[in-house]
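J.: task: produce atomic coordinates for the following.
(2 chains)
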2 protein chains.
Amino acid sequence: MKTSQPVAAGHPERIELVHGGGGRASAQLIERMFIRAFDNPMLQQKNDQARFDVPTRRLVMTTDAHVVSPLFFPGGDIGSLAVHGTLNDIAMAGAEPLYLAVSFILEEGILLRDLQRIVASMARASEAAGVPIVTGDTKVVERGKADGVFITTSAIGSVPNGVDLSADRAQPGDQILLSGTIGDHGVAILSARDSLGFTSPIRSDSAALHDLVKQMVRQVPTIRCMRDPTRGGLATALNEICQQSGVGMLIDEQAVAIAPAVQSACELLGLDPYYLANEGKLIAICPAAQADRLLAQMRAHPLGQGASRIGVVTTDPQAMVELQTALGGIRLLDWLNGDPLPRIC
Amino acid sequence: MKTSQPVAAGHPERIELVHGGGGRASAQLIERMFIRAFDNPMLQQKNDQARFDVPTRRLVMTTDAHVVSPLFFPGGDIGSLAVHGTLNDIAMAGAEPLYLAVSFILEEGILLRDLQRIVASMARASEAAGVPIVTGDTKVVERGKADGVFITTSAIGSVPNGVDLSADRAQPGDQILLSGTIGDHGVAILSARDSLGFTSPIRSDSAALHDLVKQMVRQVPTIRCMRDPTRGGLATALNEICQQSGVGMLIDEQAVAIAPAVQSACELLGLDPYYLANEGKLIAICPAAQADRLLAQMRAHPLGQGASRIGVVTTDPQAMVELQTALGGIRLLDWLNGDPLPRIC
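T.: Numbering: from 1, shown residues only, chains lettered A, B, ... in the order given. This is a model prediction of the structure:
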């Protein structure tokens, strides 16, 4: 508050409370780190909001808090994950993401170089996706009142005419497609947790799916719904759709792809890959007549090369997901109960 | 992960990690607390995004993380503050807020009844403002890795035709209006911090300003810019406008209203009210010819009753804010340096 007080006195290499005060040090952090990395005309205006014109009046909006631990992991970090996760929530409506907004909660004492690395990763993910970060906010809390960096990303997107995806639209007879292997993100995070003393060659599948989705809805605009099986995994995402649509599902275990290294990690750790998080995969449900065409379109895209038809939507007033096992039996695939892997995203 | 594991086993009255797992306990928390409180058709769809039509293609978007400590304070709590703060960032563009999105980061162990109280307060603030909360997200982190509740709110709004407010538009000769007293929010938060052993009758001014702004831009669409002087206070907000517009300002100390209880708290604690946060006040800059009309419009609104003309925009290549004191002297009103009041919002 005294004008003679130096900015960021003791530790120029670390975030301090003063960086969150809204004064000169905050302005310098925003200018030197965020605006430089996310550079675009809207951020340069330095208003507390971004102004733009949207191409259509039919929009979607989403928000996600990211608290993944550790901050860096094979295949990504909290920065790229925060961009991908939010773009994917927009894409699951069949929409094209337009703009991103980002809020940081920083713990006093984190290294500026770690923050810089995260911010650079966000900037790369945003640029690769073609979706600019147009507004943001930064808060700093005392040491021990957060865990390094939390990032909340929000986005808006535009929905093409004729596209109407929603988890309450699945119908008996529809086909269920999955874009690739499951469990990669979950295992990658676990392998990055030193405490487990466990290593794996698996990298997170974290990726932005909106380009794949764009091709899919262009080819088959009658897709009923899509969902990315993140927290809670494939099993929970399928159960959510069943509950919302009032239908059942029969899933073919042999059609669900699992990387051998994920399978063996799950056996070692006593985990079920159906409940592990994914950050670059999607489930699509479509009328049976369009399934072949949609599957071919998915396989033609780099992020859908491993796509397969994993099951069908059934009539079931109890909205159960059943798994036909490799041995020919049927087992219930329930919602995730409990949370053995906190802070996976 | 085992289907037989009970939900929220040990402490049904507290948030547990399982509430953030994305499985059944998460779904129950969302259903029973958030959807019930924020009730609207878009949330009921339970998709990971909200879909809606916007009235115009000219939009603004904003995001803010809220980490205020303590969670409850005279005149509000983190829930109402998170709604008001974000609506005000939309309003400062002269825009009408349309939709809110909210992300919670919860610390394991917080009381469900505290969370319920915060959520109810958000719901009331959203309803009073006429702006629904249409999508959201919840994460839970381990005890000691956050501080109770952090809330990030994002919003979009539509900009009326002919309205073009930006902090780079102030011009020499423009008049500077302020909607009421300064420092109330900062003092209210301080009085709620037990550790200071300090009491005050002052309540936070936390309020949603978009209805006041709607009347203002309707009356005077040529307003150059508005800003809400939150973190960093009036002094920092004025400096930001000067820097962005490349102008100076001369502020009349006698025209800046400060409640006597705020003034005495500042004297007691050695603080300067010009650097204290406000959460229900705005600065408006307009051409001199429209200032009388704009001031009358502000005073006609309940949230602008205490409005006054506090100064003029000057020509100054160094972009300084000068304060003409009650004694006739001039002192420099610098940016906030340092942060004596962390976590004020």
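J.: how about the residue nearest to A:P74 when sequence neighbours are not counted, phi and psi?
T.: Leaving aside its chain neighbours, A:P74 sits nearest to A:R203 (4.4 Å; criterion: Cβ to Cβ, 6 or more residues apart in numbering or on different chains). All C-beta atoms are positioned from the backbone trio N, CA, C, and that covers glycine. Per-residue torsions, A:R203: phi -110, psi 150 (degrees, to the nearest 10).
J.: then A:G180?
T.: Main-chain dihedrals, A:G180, degrees, to the nearest 10: phi 170, psi -160.
J.: ok, it touching A:D205?
T.: Yes: contact criterion Cβ atoms under 8 Å: A:G180 and A:D205 qualify, at 7.2 Å.
J.: overlap in contacts, those two.
T.: Each of A:G280, A:K281 lies in contact with both A:G180 and A:D205 under the rule Cβ atoms under 8 Å, 6 or more residues apart in numbering or on different chains.
J.: what parts of the stretch 201-345 of chain A come near chain B?
T.: Residues of the stretch 201-345 of chain A lying close to chain B (Cβ under 8 Å from any Cβ of the partner chain) are A:227-228, A:230-232, A:236, A:240, A:244, A:271-272, A:275, A:277, A:332, A:334-343.
J.: what about A:G270, distance to A:L333?
T.: Using Cβ to Cβ, to the nearest Å, A:G270 is found at 18 Å from A:L333.
J.: ok, now A:K139?
T.: As judged by Cβ to Cβ, A:K139 and A:L333 stand 40 Å apart.
J.: higher neighbour count, the two?
T.: Neighbours were counted for A:K139 and for A:L333 using other Cβ atoms under 10 Å in any protein chain shown; A:K139 has more, 27 against 24.
J.: that one: what secondary structure?
T.: At A:K139 the chain is in strand, as set by DSSP: H, G, I helix; E, B strand; the rest coil.
J.: what residues are up against it?
T.: By Cβ under 8 Å, 6+ apart, the residues touching A:K139 are A:G20, A:S103, A:F104, A:I105, A:L106, B:A65, B:H66, B:V67, B:R343.
J.: and the buried ones among these, selectable in ChimeraX?
T.: In ChimeraX, this line selects whichever of the contacts of A:K139 come out buried by 16 or more other Cβ atoms under 10 Å in any protein chain shown:
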select /A:20,103,104,105,106 /B:65,66,67,343
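J.: show me which of the contacts of A:K139 is closest to B:G186.
T.: For the contacts of A:K139, the minimum distance to B:G186 (Cβ to Cβ) is 11.5 Å, reached by B:R343.
J.: identify the residue nearest the closest one in space, chain neighbours excluded?
T.: Closest residue to B:R343 apart from its sequence neighbours, by Cβ to Cβ, 6+ apart: B:S69 at 4.3 Å.
J.: what separation is there between A:E13 and B:S26?
T.: A:E13 is 38 Å from B:S26, by Cβ to Cβ.
J.: neighbour count: these two, which is higher?
T.: Neighbours were counted for A:E13 and for B:S26 using other Cβ under 10 Å; B:S26 has more, 23 against 8.
J.: check contacts around the nearest residue to A:I283 once chain neighbours are set aside.
T.: Leaving aside its chain neighbours, A:I283 sits nearest to A:R227 (5.1 Å; criterion: Cβ to Cβ, 6+ apart). Contacts for A:R227 (Cβ under 8 Å, 6+ apart) come out as A:M92, A:A167, A:A237, A:E240, A:I241, A:L282, A:I283, B:D48.
J.: ok, the closest residue to chain B within the stretch 151-300 of chain A - contacts?
T.: Nearest residue of the stretch 151-300 of chain A to chain B (Cβ to the nearest Cβ) works out as A:R231 at 2.6 Å. If a contact means Cβ under 8 Å, 6+ apart, then A:R231 has A:A277, A:L336, A:I344, A:C345, B:G20, B:G21, B:G22, B:G23, B:S26 as its contacts.
J.: show me where the stretch 51-200 of chain A has strands.
T.: Secondary structure of the stretch 51-200 of chain A (DSSP state E, counting those that start in this stretch): strands located at A:58-66, A:72-73, A:76-77, A:96-107, A:133-141, A:149-158, A:175-178.
J.: pLDDT score for the nearest residue to A:A95 once chain neighbours are set aside?
T.: Leaving aside its sequence neighbours, A:A95 sits nearest to A:G157 (Cβ to Cβ, 6+ apart; 3.6 Å). Looking at A:G157, its pLDDT reads 98.
J.: need phi/psi at the nearest residue to A:D168 once chain neighbours are set aside.
T.: Counting by Cβ to Cβ, 6+ apart, A:Q244 is the residue found nearest to A:D168 once chain neighbours are left out, at 4.4 Å. A:Q244 adopts backbone torsions of phi -70, psi -30, taken as degrees, to the nearest 10.
J.: number of residues surrounding A:Q244?
T.: A:Q244 has 20 nearby residues by other Cβ under 10 Å.
J.: ok, it - contacts?
T.: Per Cβ under 8 Å, 6+ apart, neighbours of A:Q244: A:S166, A:A167, A:D168, A:A170, B:Q45, B:K46.
J.: okay, those in TSV with neighbour count, distance to B:G304 and pLDDT next?
T.: Formatted as TSV, the contacts of A:Q244 follow (neighbours: other Cβ atoms under 10 Å in any protein chain shown; distance: Cβ to Cβ, whole Å; pLDDT from 0 to 100):
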residue	neighbour count	distance to B:G304	pLDDT
A:S166	19	42	95
A:A167	22	44	95
A:D168	16	44	95
A:A170	23	51	98
B:Q45	17	38	81
B:K46	17	40	84
